[in-house]
Every structure is written in C-alpha cells, then in structure tokens.
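**Student:** take this sequence and fold it.
(chains A and B)
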Amino acid sequence: MSGNMNLTLKVWRQKNTSASGTFETYQASGISPDMSFLEMMDVVNEDLIKQGKDPIAFDHDCREGICGMCSMYINGRAHGPLKGVTTCQLHMRTFKDGDTITIEPWRSSAFPVLKDLVVDRSAFDRIQQAGGFVSVNTGSVQDANSIPVPKENADEAFLSAACIGCGACVAACKNSSAMLFVSAKVSQYALLPQGQVERAKRVVNMVEQMDQEGFGNCTNTEACEAECPKQISVSNIARMNREYIKAKLFS
Amino acid sequence: MGSVTRFLDSSIGRKVLMSLTGLFLCTFLIVHASGNLQLFKNDMGLAFNQYSVFMTTFTPIKIVSYLLYATILLHVISGVRLALANKAARPVSYGASKMPGSSSWASSNMMVLGFIILIFLVTHMANFWYKYKFGDVEWVKYEVSVMDGSVIGKTTMPSAPHMQPHEYVVNDGVSAPIKYVIVKDLYSVVQLAFQEVWIVALYLLGMLAIAYHLVHGFQSSFQTLGLRHPAIAGIIRNLGIWVFGIIIPIAFASMPVYFFFFA
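**Tutor:** Next up is the predicted model:
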C-alpha cells in the first residue's frame, strides 16, 4: 500500500432542500492514486456506513465521462482542477498526499440542493423540452446522402452536441448563467437542415424557459468554456444571441 | 412595440440593451477626448472656450447630449438590474471558488468598475457641466489678431445679466485689425480644478476604471450582439484594448496631469 494518500475532505452536508447546509470534515486514508475521485468518495462512504453514519449523497451514473450526472465542485472548480474532464474521470493522482479538498454541490437557485452534493437539474430538462428537439415523422432511416450538410456545419453541430448537460457551466459562472448549455442546444439544431423548420420558435422558447428557471445573465467572463468538461465554445452563445435577436425582431 | 418591450425584458434583450448603450457611450468618448485635446493648445484657452460654446448651443449636439444622459441612465439602471438578478441566481455562495485563469479580472468586476465610473461622472458633471450651465463662470474677452489668428491678450469682463458669447472685429484702418471674442472662461475653471490633488487622483482612478471597463466591455458587446467571427474577432479585441483601454484613457488622464504639473 505504499504511495497511498491520506487526505482531508471538507464536504458540504445538507439534509434536504429546505435545510441549511454546513461543511463537515472527513479523513480519507489509504487512497490509491489510481482511484477516480468517485471511487475515493465510495471508500469514504463505506467508512461512514461502517461507523453507522449517513453516507455522503452524490450523483453519478456512467462513470466514464459521458452521462453528465456527476457534478462536484472541487477546490473551487467545477469537476475539479483538470481541463476537459468530468469528476468521474478525475483521478486521485491529480492530488498530493496530505491535501485538503473542498467538495461542494453546484450552487444556483435554479439547481436546488436535494441532499449533500446532489442537485436537482430538471431545469435543464424543462429547457430542453421547450425546444431542444426536431419534430419529424418516424420511419426508416433516410439515406445519409439525401440531406446534404456542409462538412463545417456538421463538425460544428457535432461539437455543440457534445454537451452532456452536466451543468458545470452554471456552476462555474459567477452569475449562474445557463447560456452555454442553452446555446449549445440551440446551435446543434440551427446548424443542421433538420433543425430549420422550428429554428426561430426553438430559440425563443428555450430562452424563455431559461429565463423562467431563474438562471443569471451572461457577462462574458467565459468561465463556462474554461470549465466545461466537453469544452463547448462560447461562440455558441454568440450564435444563440444572433438567433434570438433575429427570431424576436426580424421574423 | 409589444414584442420589442418583451424582447428587452428577456435575458438576452437586457444584455443587448447593455451592449448597444455601452457602444454608444464608447463613440461619445472618442468625440469627447478629441475635442478636449484643445486644452493643450497654447492660446490661453480660446479654442477650448469657443468649443464649449459650440457644444452647448448647437442644436444637433444638444439633442445628442440629452440622448447621451438618457443612455448613461439606461446603462446604469439596466446594469444594476442585471447584477441584482445575477446575485439572486446564486443565493448560497461557494466556500471555495476560483475563476479560471482564462477569465479576465475586469469581466467579473464590471459592476465595481461601473460604480467607480459613476462616482467619477457625477463629480465630473458637477465640476464642469453644472458650473458652466448654472454656476458663475467668469466672462473673458480675448484679443485676437485677424492677420494670423494669434491670441494677443485675455482680460476678464464684468459680468452683466443676459450676457451672450459673441465676437466682433475692430478695424480702424490705422493699426492691424483685431477680433474680440467674448466667452465664458471654462478653461480657467478646468485649470483651477486640476490644481486640487484629490480631483486629479479621482480623475486618474476614473480613467483606470474606464480602461478596464472597456477592455472587457467593448469586445463583450460584440459577443452579446452575436457579432462573433474569426475574421473580425482580432480586430475587435485590439480596438477594445488599444483605443478604449489605452489611447482614450491616457488622452483623458493627460489633461489633469498636464494642468497639475505644468499649467
């Protein structure tokens, strides 16, 4: 067990949405540097369960960086200190033996804390339901060549579609703005032929829903882009603004 | 009209309002800075005082100046509204929070910078605009050679009610013709104000705040308007940094510094 680490964790504990939370300190001993951050949390939780204490609630699902469920704010950064990774893909070798690690939930009035590190991100689902889709008749798949798409548009739409909806942009933004998420979803369809029919209606409805959910407003600090595990570009926000201005004032 | 007000009430609409008002104020800075460079003219303040008459009496300029005051108020009010909404969007703040290194300091402190600029503006308007319009600024008479336009002398005038700026030429056919220009002497007000250390300090602080505010604000407004393209991104960034972040603030800052140390 040589090379294993002992860490001090300061973890946000909160019983439920209406309770006020506090930081609790825990010791994580014998942590292998090869563990993922979530595996480290599992070890801590097993200890807590053995002691008869309430384990720390946190969101996770695929643990391979594609589902967007994990959502920890680690040492002041969404998904921790690395660029372009989710919390589940963050490994303990990023930290040093003896480190103190602060772990908090995403903080935004639109993402209420359910318990400890788990937040309710259904606001994103409602935004998506407001327009983040294309209405097409189902049936057999068309031949790929029957809908020509310029390569640049296909690439850009793909990059926008890489958004996993984890909410790190909201967590990292000093204004809790959801504009990176919404703009990625708007762009993904605005760039493709299939998205044209509902193009204007989509951006208007999605922005309206975003505003209703109580997210803040973008001040172009671009912290979202820096913290996004999928490195979604803020040029999407410019595109969303353009789409919205066009839809509201010129259509 | 209804759709426009609804647009302006959305998150993006409010940001668009911030960027459009902000850009309008930027264009004003160019005019204001270049006009005020006349303070450096070695003519006992004649050009500057005549410019002041023009700026306060020419009707199109007067209309634009009221539009400008309205724009400043709109920019401040909607900025405060946005900042309050942003604050409300995160009721519980983080225990530990780090801005990523790629985010500029100015971008997350626009409200603080804006507040410093507002304090500066109120002082600035009280110092000069209010004094010029409603205070008792001394009237002066310039003696100007008609031949080469050089200023020969400047004497204070006893102020009379309903005095208007005017000029006339005296040509007695014996000595060289002389033009007399009678104006309010704002130049001396400026000269006097900038002898005060605290005013000079406040102006320098104000210019520093404007520089930081605009280095972020100028390029940010294009992003908000959706005008982002690799072909123009570099031009916009450099314009923001060089023109609004460096040249204009330094041009303005040089005025109090010049009067404090040299005049």
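
**Student:** what's around the closest residue to A:Lys248 other than its chain neighbours, how many residues?
**Tutor:** In this structure, A:Lys248 finds its nearest non-sequential neighbour in B:Phe7, 4.5 Å apart by CB to CB, 6 or more residues apart in numbering or on different chains. All C-beta atoms are positioned from the backbone trio N, CA, C, and that covers glycine. If you count neighbours by other CB atoms under 10 Å in any protein chain shown, B:Phe7 ends up with 19.

**Student:** give the contact list for B:Phe7.
**Tutor:** Applying CB atoms under 8 Å, 6 or more residues apart in numbering or on different chains to B:Phe7 gives the contacts A:Lys248, A:Leu249, B:Gly13, B:Val16.

**Student:** doesn't the first one fall inside a helix?
**Tutor:** Going back to what we said before, that points to A:Lys248. Yes. Remark: A:Lys248 belongs to a helix, assigned using DSSP: H, G, I helix; E, B strand; the rest coil.

**Student:** buried set for stretch A:18-25?
**Tutor:** A:Gly21 (16 or more other CB atoms under 10 Å in any protein chain shown).

**Student:** checking my notes, the residue nearest to A:Lys248 in a helix, right?
**Tutor:** Yes. Assessed with three-state DSSP, B:Phe7 lies in a helix.

**Student:** and it, how far is that from A:Glu208?
**Tutor:** Taking CB to CB, to the nearest Å as the measure, B:Phe7 falls 11 Å from A:Glu208.

**Student:** just the local confidence number for whatever residue of the stretch 101-250 of chain B ends up closest to chain A, please.
**Tutor:** With CB to the nearest CB as the measure, B:Gly226 is the residue of the stretch 101-250 of chain B nearest to chain A, at 2.9 Å. At B:Gly226, the pLDDT value in this model is 95.

**Student:** would you confirm that it contacts A:Ala238?
**Tutor:** Yes. Taking CB atoms under 8 Å as the definition, B:Gly226 is a contact partner of A:Ala238 at 4.9 Å.

**Student:** neighbours around A:Lys83, how many?
**Tutor:** The burial count for A:Lys83: 14, using other CB under 10 Å.

**Student:** enumerate every residue touching it.
**Tutor:** A:Ala226, A:Gln231.

**Student:** now it: phi and psi?
**Tutor:** phi -90, psi 140 (degrees, to the nearest 10).

**Student:** how near is the residue in the stretch 1-150 of chain A positioned nearest to chain B to A:His60?
**Tutor:** For the stretch 1-150 of chain A and chain B, the shortest gap (CB to the nearest CB) falls at A:Gly76, measuring 3.7 Å. Remark: distance between A:Gly76 and A:His60 (CB to CB) = 21 Å.

**Student:** which one of the two has more residues nearby?
**Tutor:** The neighbour count for A:Gly76 versus A:His60, taken as other CB under 10 Å, is higher for A:His60 (20 against 17).

**Student:** you'd agree that one is up against A:Thr86?
**Tutor:** No. The pair formed by A:His60 and A:Thr86 falls short of the contact definition of CB under 8 Å, at 9.6 Å.

**Student:** does chain B sit close to stretch A:170-185?
**Tutor:** Yes. Residues of stretch A:170-185 contacting chain B under CB under 8 Å from any CB of the partner chain: A:Ala172, A:Lys174, A:Asn175, A:Ser176, A:Ser177, A:Met179.

**Student:** contact partners for the residue most central in space within chain A?
**Tutor:** Central residue of chain A (CA atoms, centre = their mean): A:Cys166, 2.0 Å from the mean position. Taking CB under 8 Å, 6+ apart, we find A:Cys166 in contact with A:Gly68, A:Met69, A:Cys70, A:Ser71, A:His79, A:Thr86, A:Pro229.

**Student:** where exactly do the helices run in the stretch 101-250 of chain B?
**Tutor:** B:110-124, B:131-134, B:186-193, B:197-224, B:230-238, B:248-261 (DSSP state H, counting those that start in this stretch).

**Student:** how about the ones you listed in TSV, adding mean neighbour count and distance to A:Gly214?
**Tutor:** Output for the helices of the stretch 101-250 of chain B, formatted as TSV (neighbours: other CB atoms under 10 Å in any protein chain shown; distance: least, CB to CB, whole Å):
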stretch	mean neighbour count	distance to A:Gly214
helix B:110-124	17	19
helix B:131-134	13	45
helix B:186-193	19	47
helix B:197-224	21	20
helix B:230-238	12	32
helix B:248-261	18	37
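
**Student:** domain boundaries for chain B, per the record?
**Tutor:** With domains defined by automatic domain parsing, chain B comprises B:2-88+B:106-136+B:188-261, B:139-184.

**Student:** ranking the ones you listed by mean pLDDT, which is last?
**Tutor:** Across these, domain B:139-184 gives the lowest mean pLDDT, at a mean of 90.

**Student:** now distance to A:Ser32 too, for the helices of the stretch 101-250 of chain B, in CSV please.
**Tutor:** As requested, these are exported to CSV (distance: least, CB to CB, whole Å):
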stretch, distance to A:Ser32
helix B:110-124, 45
helix B:131-134, 73
helix B:186-193, 69
helix B:197-224, 44
helix B:230-238, 45
helix B:248-261, 54
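
**Student:** among those, which is nearest A:Ser183?
**Tutor:** helix B:197-224 (11.1 Å; CB to CB).

**Student:** ends of stretch A:206-219, how far apart?
**Tutor:** 19 Å (CA to CA, to the nearest Å).

**Student:** and it, anywhere near chain B?
**Tutor:** Yes. Looking at stretch A:206-219 against chain B by CB under 8 Å from any CB, the contacts come from A:Val207, A:Glu208, A:Met210, A:Asp211, A:Gly214, A:Phe215, A:Gly216, A:Asn217, A:Cys218, A:Thr219.

**Student:** how about the helices in the stretch 101-250 of chain A?
**Tutor:** A:122-131, A:151-161, A:168-172, A:179-190, A:199-212, A:223-227, A:235-249.

**Student:** would you mind getting the angle between the longest one and helix B:230-238?
**Tutor:** Using axes from the mean of the first three to the mean of the last three CA atoms, to 10 degrees, the interaxial angle of helix A:235-249 with respect to helix B:230-238 works out to 100 degrees.

**Student:** what helices and strands are in contact with helix A:235-249?
**Tutor:** Here helix A:235-249 touches helix A:179-190, helix A:199-212, helix B:2-9, helix B:11-36, helix B:197-224, going by 3 or more CB pairs under 8 Å, 6 or more residues apart in numbering or on different chains; DSSP states H and E.

**Student:** in TSV: those helices, plus distance to B:Gly149.
**Tutor:** Listed next are these as TSV, based on distance: least, CB to CB, whole Å:
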stretch	distance to B:Gly149
helix A:179-190	57
helix A:199-212	59
helix B:2-9	50
helix B:11-36	19
helix B:197-224	31
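
**Student:** wait, which of those helices is closest to B:Gly153?
**Tutor:** helix B:11-36 (24.2 Å).

**Student:** can you show me the CA trace of the helix or strand immediately after that closest one in the chain as PDB?
**Tutor:** Downstream of helix B:11-36, the next assigned helix or strand under DSSP states H and E is helix B:46-57. Extracted in PDB, the C-alpha atoms of helix B:46-57 (Å, rounded to 0.1, in the frame of the first residue of the first chain):
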ATOM      1  CA  LEU B  46      -9.600  80.400 -26.600                       C
ATOM      2  CA  ALA B  47     -10.200  77.300 -28.800                       C
ATOM      3  CA  PHE B  48     -11.400  75.300 -25.800                       C
ATOM      4  CA  ASN B  49     -13.800  78.100 -24.700                       C
ATOM      5  CA  GLN B  50     -15.200  78.500 -28.200                       C
ATOM      6  CA  TYR B  51     -15.600  74.700 -28.500                       C
ATOM      7  CA  SER B  52     -17.600  74.800 -25.200                       C
ATOM      8  CA  VAL B  53     -19.900  77.400 -26.700                       C
ATOM      9  CA  PHE B  54     -20.400  75.300 -29.800                       C
ATOM     10  CA  MET B  55     -21.100  72.100 -27.800                       C
ATOM     11  CA  THR B  56     -23.700  73.800 -25.600                       C
ATOM     12  CA  THR B  57     -25.500  75.800 -28.200                       C
END
